[in-house]
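S.K.: Model the following, please.
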Amino acid sequence: MGIAVRLARIADPWRTREKAAVLHVPCASVGIWSIIWSMGRTQTLVQLTEEILAELDELRVREGGRSRSELIREAIERYLAEQREETIDRAIVEGYTRQPSEDLGAEWAAHASIAAENWDRPR
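M.R.: Numbering: from 1, shown residues only. Have a look, this model is predicted:
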């Protein structure tokens, strides 16, 4: 079996052996395309202004020639991660708003520290 068949099974473990064999590519011809194919991505058209595109290209140069797609994909992944974190934060706040945490030791500690204070001591 060539490398591409193994990549196909990793990308879709439910493929039957017969279907995976159809995707077989001899090892000599396995290159970047078989690796990209195995990532399971969908191409999407994104329209950008000239200013954003120029800034993105400047960033590409500073970052060692990374592709536009890689930079845009990374930006989207960061944005989605922020949104997930904000959703979790809102759920936590909402939960504590509905049922506040009971701080059982704080009131006792305050009374104990007040009681332990020497109030009659001259200054």
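S.K.: Tell me how many other residues surround residue 63.
M.R.: Look at residue 63: counted by other C-beta atoms under 10 Å, it has 10 neighbours. All C-beta spots, glycine's among them, are computed from the backbone N, C-alpha and C.
S.K.: Setting aside sequence neighbours, what's the nearest residue to it?
M.R.: residue 71 (7.5 Å; C-beta to C-beta, 6 or more residues apart in numbering).
S.K.: mind checking the SS state of the one you found?
M.R.: helix (DSSP: H, G, I helix; E, B strand; the rest coil).
S.K.: since we're on residue 60, how many residues are nearby?
M.R.: Residues within reach of residue 60, counting by other C-beta under 10 Å, total 15.
S.K.: Tell me who's in contact with it.
M.R.: By C-beta atoms under 8 Å, 6 or more residues apart in numbering, the contact set of residue 60 is 66-68, 71.
S.K.: per-domain residue ranges of this structure.
M.R.: The chain breaks down into these domains under automatic domain parsing: 1-41, 42-100.
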